[in-house]
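# Predicted model, plus sequence, below.
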Amino acid sequence: MDIAFLTQTMLTLLKAVPTTLALFSVSVVSGCLLALLIVWMRVGGKPVLSAFAKGYIFVFRGSPLLIQMFLIFYGLGQFGFIRYSFLWPFLREPFICAVLSLALCTAGYSAEIFRGGIRAVSPREIEAARSIGMSGFLLVRRILAPIAFRHALPAYSTEIVLMMKSTALASLVTVWEVTGVAQRLISQTYRTMEVFLCAAIIYLVLNFLILQAMALLEYSLSRHRRAAPPALKA
């Protein structure tokens with residue numbers, strides 16, 4: 001085993017980690033905000049908005065992310081009203097296209113996860129909140145959103161991990177994150193096993209940290225469910 005080559009490869013790949021983290025964080029935050037909007041449209045009670053939300057979820061959950069990314073990166077420039085608009089300086093950037101495709105895709109999955117969390121809230125808890133005068137935004141902020149988020153968190157943590165792994169597809173639209181740099185190293189050295197082994201270790205560490213953070217968040221949100229320690233007898 002060539003330790004010197006592995007060390008140099010790892011150092012080279014680590015330089016691309018900030019790009020991977022930026023791609024991941026912007027996509028997750030944007031996708032989460034969009035998912036909340038889609039959920040509001042889905043459960044808001046307005047047929048037109050609900051139908052649009054269902055169609056959106058069907059399209060982005062039913063088609064491969066890679067095709068979505070190619071359509072955004074290579075396809076949008078074919079439309080003149082986009083190519084000659086103020087959006088084109090942004091949409092011609094590979095990083096922006098990768099973030100847009102990742103965010104749109106995760107929004108479809110996250111919206112269904114959040115909707116499942118909302119449906120898991122007991123109607124009795126909502127009725128109890130209304131009986132003491134809560135309604136509208138206060139009811140959502142104090143009762144509905146915290147309980148729904150706790151129910152959705154395990155499934156949403158899985159979606160976040162999948163998003164970290166999905167950032168590897170950005171290399172196919174020339175975003176030089178960890179996988180893109182790894183492919184470039186392989187084309188120069190022809191040492192596939194060692195390079196991809198280093199890349200896999202980086203992804204494993206990143207996903208481990210994400211899972212630990214999500215587990216800590218779930219633990220803090222479920223504090224009320226843990227039994228209090230028994231009182232010591234005199």
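Perfect, thanks for sending it.
# what sits against the residue lying closest to Val181 once chain neighbours are set aside?
Using C-beta to C-beta, 6 or more residues apart in numbering and skipping the chain neighbours, the partner closest in space to Val181 is Ala16 (4.3 Å). C-beta here means a position set from N, CA and C on the backbone, and glycine is covered the same way. Applying C-beta atoms under 8 Å, 6 or more residues apart in numbering to Ala16 gives the contacts Trp176, Glu177, Val178, Gly180, Val181.
# And the fourth one, how close does it get to Phe95?
If I follow you right, that is Gly180. 11 Å (C-beta to C-beta, to the nearest Å).
# Which neighbours do these two have in common?
Common neighbours of Gly180 and Phe95, using C-beta under 8 Å, 6+ apart, are Ala170.
# Look up the pLDDT of the residue nearest to Val181 for me, please.
Looking at Ala16, its pLDDT is 94.
# Can you pull the phi/psi pair for it?
According to degrees, to the nearest 10, the main-chain angles of Ala16 amount to phi -90, psi 0.
# For it, give its distance to Ile118.
From Ala16 to Ile118 the distance is 38 Å (C-beta to C-beta).
# does Ser187 sit in a helix or strand, and which one?
Per DSSP states H and E, Ser187 falls inside helix 178-189.
# That helix: which residues count as buried?
Val178, Thr179, Gly180, Val181, Ala182, Gln183, Leu185, Ile186 (16 or more other C-beta atoms under 10 Å).
# The helix or strand just after it: which residues count as buried?
Next helix or strand after helix 178-189 toward the C-terminus (DSSP H and E): helix 192-221. Within helix 192-221, the residues that count as buried by 16+ other C-beta under 10 Å are Glu194, Val195, Phe196, Cys198, Ala199, Ile202, Tyr203, Leu206, Ile210, Met214.
# Nearest to Leu144 among the residues you listed?
Nearest to Leu144 among the buried residues of helix 192-221 is Met214, at 21.1 Å by C-beta to C-beta.
# hey, where'd the helices end up in this structure?
Counting by DSSP state H, one finds helices in the chain at the ranges 3-14, 17-43, 47-62, 65-70, 80-83, 88-91, 94-119, 123-131, 136-139, 145-166, 178-189, 192-221.
# Select, out of the ones you listed, the one closest to Leu172.
Using C-beta to C-beta and comparing the helices of the chain, the one that lies nearest Leu172 is helix 65-70, at 7.0 Å.
# So which elements touch the closest one?
Using 3 or more C-beta pairs under 8 Å, 6 or more residues apart in numbering; DSSP states H and E, the elements in contact with helix 65-70 are helix 94-119.
# in the helix it packs on, what counts as buried?
94-115, 117-118.
# Work out the gap between the worst-scoring helix or strand of the chain on mean pLDDT and the centre of the chain.
The weakest-scoring helix or strand in the chain, judged by mean pLDDT, DSSP states H and E, is helix 136-139 (a mean of 77). Distance of helix 136-139 from its chain centroid, counting by C-alpha atoms, centre = their mean, to the nearest Å, is 27 Å.
# which ones are touching the spatially most central residue of the chain?
Of all residues in the chain, the one closest to the mean position by C-alpha atoms, centre = their mean is Val28, 3.7 Å from it. Val28 is in contact with Ala103, Thr106, Ile160, Met163, counting by C-beta under 8 Å, 6+ apart.
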